[in-house]
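Asks: Here is my input; please provide its structure:
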Amino acid sequence: MIDNQTNIANPDVRGVTALLHRFSEAVDRRRPEQVAALFTDDGLFRPGETEIRGRVAIEALYRERLSDLRRTTRHLWSNIEVRGVTEVEARVTAILTNYAFEPKVSETQLQMRIGDLEGLCALGEDGCWRFVEHLYTRVFATSLPL
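Replies: The predicted model follows:
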């Protein structure tokens, strides 16, 4: 899990921030295989209380979440901080605001959720950053009328 290790001087802020944006894009554009590809083979994803490990399980989670074609989301990141751990690892913290229309929850309300992300990212041999850990903790949620 996340801990406070010594930071290196020049983390790849742009690369890790791009990973967050690719994650949002993949979820918001309904691409479960792309979501899963943003994790290491045995990456840990905690989107709340449940922990999911590995690309296969993460892709299955998103296939299920996106099975209702009316479900729509938009993810917005803020307060992003990237701290280098090694030349090929970085820790990221951010605030995630997620807007979701989930018909299973409500046909007349939009859900707004705000939470904290703590992540550990690794730079692969292919030059792409991936999540080793993506740990989301919801701080609060509310609903908005459509």
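Asks: Just the buried residues of the longest helix seen in the chain, please?
Replies: Longest helix in the chain, counting residues (DSSP state H): helix 13-28. For helix 13-28, the neighbour count (16 or more other C-beta atoms under 10 Å) marks 16-17, 19-20, 22-24, 26-27 as buried. (Each C-beta comes from the backbone N, C-alpha and C, glycine too.)
Asks: State the mean pLDDT of stretch 43-59.
Replies: Mean pLDDT, computed over stretch 43-59, is 97.
Asks: typo on my end, it should be stretch 109-125
Replies: Averaged over stretch 109-125, pLDDT sits at 97.
Asks: One more: stretch 89-103?
Replies: 97.
Asks: what's the burial count for the nearest residue to residue 109 once chain neighbours are set aside?
Replies: Sequence neighbours aside, residue 143 is the residue nearest to residue 109 in space, at 3.9 Å (criterion: C-beta to C-beta, 6 or more residues apart in numbering). Residue 143: 12 surrounding residues under other C-beta atoms under 10 Å.
Asks: what's in contact with the strand or helix carrying residue 143?
Replies: Remark: residue 143 resides in strand 129-145, with elements defined by DSSP states H and E. Strand 129-145 has contacts (C-beta atoms under 8 Å, 6 or more residues apart in numbering) with 1-2, 12, 15-16, 18-19, 23, 37-40, 43-48, 89-90, 96, 106, 108-124.
Asks: among these, which ones are buried?
Replies: Buried subset of these (neighbour count, 16+ other C-beta under 10 Å): 12, 16, 19, 23, 38-40, 43-47, 89-90, 96, 110-111, 113, 115, 117-123.
Asks: Could you tell me which of these belong to helices?
Replies: Among the buried ones among the contacts of strand 129-145, the residues falling in helices (DSSP H) are 16, 19, 23.
Asks: and the gap between the closest residue to the second one other than its chain neighbours and residue 50?
Replies: I take that to be residue 19. Nearest non-adjacent residue to residue 19, counting by C-beta to C-beta, 6+ apart: residue 129, 4.4 Å away. Residue 129 is 24 Å from residue 50, where distance means C-beta to C-beta, to the nearest Å.
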